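1. what would the 3D arrangement of this be:
(2 chains)
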Amino acid sequence: MQFSRLYGLATLRRLPLTRLRNVLRRFGIAIAFALLLVILSALSGSFLTISNLLNIARQVSINAVIAAGMTFVILTGGIDLSVGSVLALSGAVIAGLLAAGRPVLVGIGGGLAVGALLGLVNGLVITRGRVQPFIATLGMLTIGRGLTLVYTDGRPITGLPDPFVWLGAGEVFRIPVPVLIMMLVFLASSVILTQTVVGRYVYAIGGNEEAARLSGVNVAAYKTLVYVISGIVSAASAVILTGRLNSAQPTAGVGFELDAIAAVVLGGTTLAGGEGSISGTILGAFIIGVINNGLNLLNVNPFYQQVVKGAVILLAVLLDRRLR
Amino acid sequence: MPSVDVPLLEMKGITKSFPGVRALQDVSLEVRAGEVHSLVGENGAGKSTLIRILGGIYPRDAGQILLRGLPVEVASPTHARQLGISIIHQELNQVPALSVAENIFLGREPRRVGGLVDWDEMYARAGRLLADLGVSIDPRRRLGTLTVAEQQLVEIAKALSADAAIVVMDEPTAPLTVEETERLFGFIHDLRARDVGIIYITHRLEEVFKIADRVTVLRDGLHVGTYAIAGLTMDELISLMVGRRLTEKFPKEDVPLGPPVLDVRGLTVQGFFRDVSFILRHGEILGIAGLIGSGKAEVAHAIFGATSLDAGEILLDGRPVSIRSPADAIALGIGLVTEDRKRLGLVLSMSVRANITLPIVRRVAVALFIRRLEETALVTQAIRDLDMAVTSPEQIVRNLSGGTQQKVVVAKWLQTRARVLLMVEPTRGIDVGAKVEIYHLMVALARRGVGIVMVSSEMEEILGMSDRILVMHEGVITAEFPRAQATQEGIMASAAGRVRSAV
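-> You can find the predicted model right below:
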């Protein structure tokens, strides 16, 4: 017994797998995703069909869009628990404006403004008020939900115009509009994170906030900005969800923050900040989506589905830590 | 019983690679009981890697570790401790929120029946350990309230508490004062008498000659040799380390001084320093000396806008300026090389490229979009100018040696085209070769008219590089020496203040 403790771990780690480990470390999550696809294709004939894949992409889109914003926040070392509530309030405001006969663009603009405003409040409470992001956004989670209930009086808002519904339920050349929106959000996020000063600063703040400050980075401003970004994309996901349901639900988005965080972490972004990528996040979101879809196709009892999903997330992250 | 000729510890043919780097190749180290064995080499020579392998932090790729002649596998840091190997790391691994005693006994607290911590026993034992070290620290104090030097002493007490057969000390004297260092050396003598084997890593070569019996020299991951100290001179040791003879350690040149570039008057930060005034000229290197806690580093931070001033004014090229943040200072042409590159100077998770251009990335951007080619040109130029040991601009800074990391910090401030460069402990924890390179750089900058404030605890570099020297004691400037009149004794006396010189 003592023997295995003395030799086991060290020997295992010393196996001449350095190169393989490097490959796994860089592409592990992509490989896991590919494996998942192969397994599910083998198990279910209807999995690898274009209509099912598009279906998955559509289902994934809402969480993926939120997770893109969450990636910015987590890269700075923060967290945004309020995304689900921001989604609900933005959706309600959009639906309220549209139901009152305002033009579609005004409705969407109003929703995005609400998202940006709530994000700004989060950011200011965190930077000016020096409140920990977990607590600040936990407060906003509750406030946002409460405001939604006040605004909707606890009832769904219906009667939305067709052009708006198209944003959530429409298609362009068979590709669902939500998927196009998701691609747009990811493209923009990726460009911002890899090509711009903003992205550079986001990574710097997450990697070493004090060093960033001493290099002249306006840390408070950029930290605030990531919460505004998170608020705006949460509102964008509200556009998709409200359009798809053809109504705004006061309870929309409950628990969405957890799926978004799971997607970001699965994608290899560390909760401590400074390291991660938007391409990882999109893979993370798709892994969660594919698991959901596959378990449905395989007729797994929905109660067990949650267990499996949670276990897969833990397993992936554990594997990732082992490889690091 | 181990026979007399069997060494306490043998590491044979140790080889270790990291992705893209061969850190150690066929390195051996032999330590006898009751020996102080010094391990020296430039940054990146592989000293830390070797120690981490011994401490069970890294697995090795090849080689053997023998303890009293028997092969062992050190599987983890805990296992190393069970084997009697105690390591005092350069970066302290301590919990600031816990008490001194809790830190010393972390993970192996004395227990009462039923598994509860025996607090009385723990505090008593911690108190005895500290008293043995000649340190008057209350074991109940929270560790975070101690000075860095005191924390280091606690770390040493912790290593000794484990009844170790081998104690590894990695730069233990870096934060210690002269007296604390002497006390530590006294303690090392006691340990030696108890047949403990001591591996002593340091950049301060005079310490090697003071306390070591033998020295093992590493260079670029290779084992250069193991020598008895008695048959070695300082110059020989340095040339073994760097593989060449250093012509001159301090390449200071006389540069014609220009008009004043920085003029500070009556600077005060409550609790740190008060009424600090001085004038720095273009092309001048102004040394600020002082003991730990004299407030000398804080002066540099305050001028840079990193901490806010309670009183005083700052003039730059004759014009009064208001500096409220580091961003203001950078815009005005002031740079700060911080004393702690890992904590304050670098974003370790980012690339060499991103670190070097962090303060000026806006300048190479159009409408927030970074112009990659322009940035690459700047970065490759900096890498060439400073002769940095990097494989590519995309290399992550965490994986670089200390000396190269320090060059990245300096390169970062060269990008800002600063007219005033504040350098706090510019060569702390880097090897002789890299030190000299940094000094050359300072001279080149001075020649270009940059004014340099060099805050340093190293007497040698203060004397060797400064045009003029200010000495601080308890937050006040107590003396000013022109280069020609500066002596080690004079500076020490002023740094110690009147209190100590009266004793």
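2. so where's the stretch 151-300 of chain B uncertain?
-> B:175, B:244-248 (pLDDT under 70).
3. please name the residues that touch the closest residue to chain A within it.
-> Taking C-beta to the nearest C-beta as the measure, the stretch 151-300 of chain B has residue B:300 as its residue closest to chain A, at 11.1 Å. For every residue, glycine as well, the C-beta is placed using N, CA and C. With contact taken as C-beta atoms under 8 Å, 6 or more residues apart in numbering or on different chains, residue B:300 is in contact with B:288, B:336, B:422-424, B:453, B:455.
4. phi, psi for it please.
-> Torsion angles at residue B:300 (phi, psi; degrees, to the nearest 10) stand at phi -60, psi -40.
5. for it, which non-adjacent residue is spatially closest?
-> Sequence neighbours aside, residue B:422 is the residue nearest to residue B:300 in space, at 4.1 Å (criterion: C-beta to C-beta, 6 or more residues apart in numbering or on different chains).
6. and that neighbour, which of the three is it?
-> Put simply, residue B:422 is strand when judged by DSSP: H, G, I helix; E, B strand; the rest coil.
7. next up, the contacts around it.
-> B:300, B:303-304, B:334-337, B:453, B:455.
8. quick check: residue A:256 touching residue A:88?
-> No: with contact defined as C-beta atoms under 8 Å, residue A:256 does not reach residue A:88; the gap is 9.2 Å.
9. tell me which of the two has more neighbours.
-> Neighbours were counted for residue A:256 and for residue A:88 using other C-beta atoms under 10 Å in any protein chain shown; residue A:88 has more, 29 against 23.
10. report pLDDT for that one.
-> Residue A:88 is assigned 95 on the pLDDT scale.
11. equivalent analysis for residue B:305, please.
-> 93.
12. could you double-check that it sits in contact with residue B:324?
-> Yes: at 5.8 Å, residue B:305 counts as touching residue B:324 under the criterion of C-beta under 8 Å.
13. more neighbours: which of these two?
-> Counted by other C-beta under 10 Å, residue B:305 and residue B:324 do not tie: residue B:305 has more neighbours, with 24 against 10.
14. excluding covalently adjacent residues, which one is nearest to that one?
-> residue B:323 (4.1 Å).
15. phi, psi of the one you found?
-> Taking degrees, to the nearest 10 as the convention, residue B:323 sits at phi -120, psi 110.
16. now do the contacts for it.
-> B:303-305, B:314, B:329, B:332, B:334.
17. ok, 10 Å please
-> By C-beta atoms under 10 Å, 6 or more residues apart in numbering or on different chains, the contact list for residue B:323 reads B:302-306, B:308-309, B:314, B:316, B:329-332, B:334.
18. repeat that for residue A:288.
-> With C-beta under 10 Å, 6+ apart, residue A:288 has these contacts: A:59-60, A:63-64, A:67, A:259-260, A:262-263, A:266, A:309, A:312-313.
19. just the ones of the contacts of residue B:422 in strands?
-> Using DSSP state E, the subset of the contacts of residue B:422 located in strands is B:334-337, B:453, B:455.
20. which ones among those come in contact with chain A?
-> B:335-336 (C-beta under 10 Å from any C-beta of the partner chain).
21. would you reformat the ones in strands among the contacts of residue B:422 as JSON lines and include neighbour count?
-> Compiled in JSON lines, the ones in strands among the contacts of residue B:422 are given as follows (neighbours: other C-beta atoms under 10 Å in any protein chain shown):
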{"residue": "B:334", "neighbour count": "28"}
{"residue": "B:335", "neighbour count": "28"}
{"residue": "B:336", "neighbour count": "28"}
{"residue": "B:337", "neighbour count": "24"}
{"residue": "B:453", "neighbour count": "26"}
{"residue": "B:455", "neighbour count": "26"}
